[in-house]
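Colleague: Sequence below, structure please.
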Amino acid sequence: MAHRQEITLEGPHGKPILLDFRYEADSKNKPVVIFTHGFKGFKDWGHFDVLADAFAEAGFVFIKYNLSHNGTTPEQPNDFVDLEAFGRNTFSIELDDLGAVIDWVVETDAMPKSEKDTDQLYLIGHSRGGGLTILKAAEDARVKKIATWASVAEFGHFWTPEVMEKWKKEKL
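Modeller: I've put the predicted structure just below:
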């Protein structure tokens, strides 16, 4: 049976990041997989727990987390209740959240170093989380492999060039 633990990280933008991780405790270094959910998603949706268990049984450390501004809270992790945070969400916040999770994986003692191999750090993203996974892998050399499931193909086609330029100037 997999070791499972849930923790709350301090998010880089003032909202907490709820995550859980699981692995088969055998003191063998395992590749680490970080899973990012999609738009209006959350870490415990649908089959994500089954997926996490399957990865743990296959010899990985599997981490899934709620983006800090996805509309859920640690107290209500499966309910869309924090509309203020959701309304302030940006791609930059989500990329920073994923970066904070990666930093935590590398630095944490909550998971014994004998169980994780941070030189084999992999990302999986679903839907919009797939797009975030691709962007994060391009900017973070610690990420060695990625997989996307039903990923968005692009982010920019919904907005005019003028809106995109305004966001760049305002660093949104």
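Colleague: Every contact and neighbour count from this point should use C-alpha atoms.
Modeller: Noted.
Colleague: show me where this structure has strands.
Modeller: For the chain, strands defined by DSSP state E occupy the ranges 3-9, 17-23, 30-36, 61-65, 116-126, 143-149.
Colleague: Give me the mean pLDDT for the first one.
Modeller: Read that as strand 3-9. On average, the pLDDT along strand 3-9 is 95.
Colleague: for the last one, same thing?
Modeller: The pLDDT scores in strand 143-149 average 97.
Colleague: begin at 653 from here
Modeller: Happy to do that; since the first residue is 653 now, the last one works out to strand 795-801.
Colleague: In the sheet, which residues pair with the spatially most central residue of the chain? Tell me.
Modeller: For the chain, residue 688 is the residue whose C-alpha lies nearest the centre (C-alpha atoms, centre = their mean; 3.6 Å). Taking DSSP bridges as the rule, residue 688 bridges to residue 717, residue 777.
Colleague: who touches it in this structure?
Modeller: Listed by C-alpha atoms under 8 Å, 6 or more residues apart in numbering, the contact set of residue 688 reads 695, 716-719, 750, 775-778, 781-782, 784-785.
Colleague: Quick check: buried residues in stretch 719-732?
Modeller: Buried residues in stretch 719-732, defined by neighbour count with 16 or more other C-alpha atoms under 10 Å: 719, 720, 721, 722, 723, 724, 725, 726, 729, 730.
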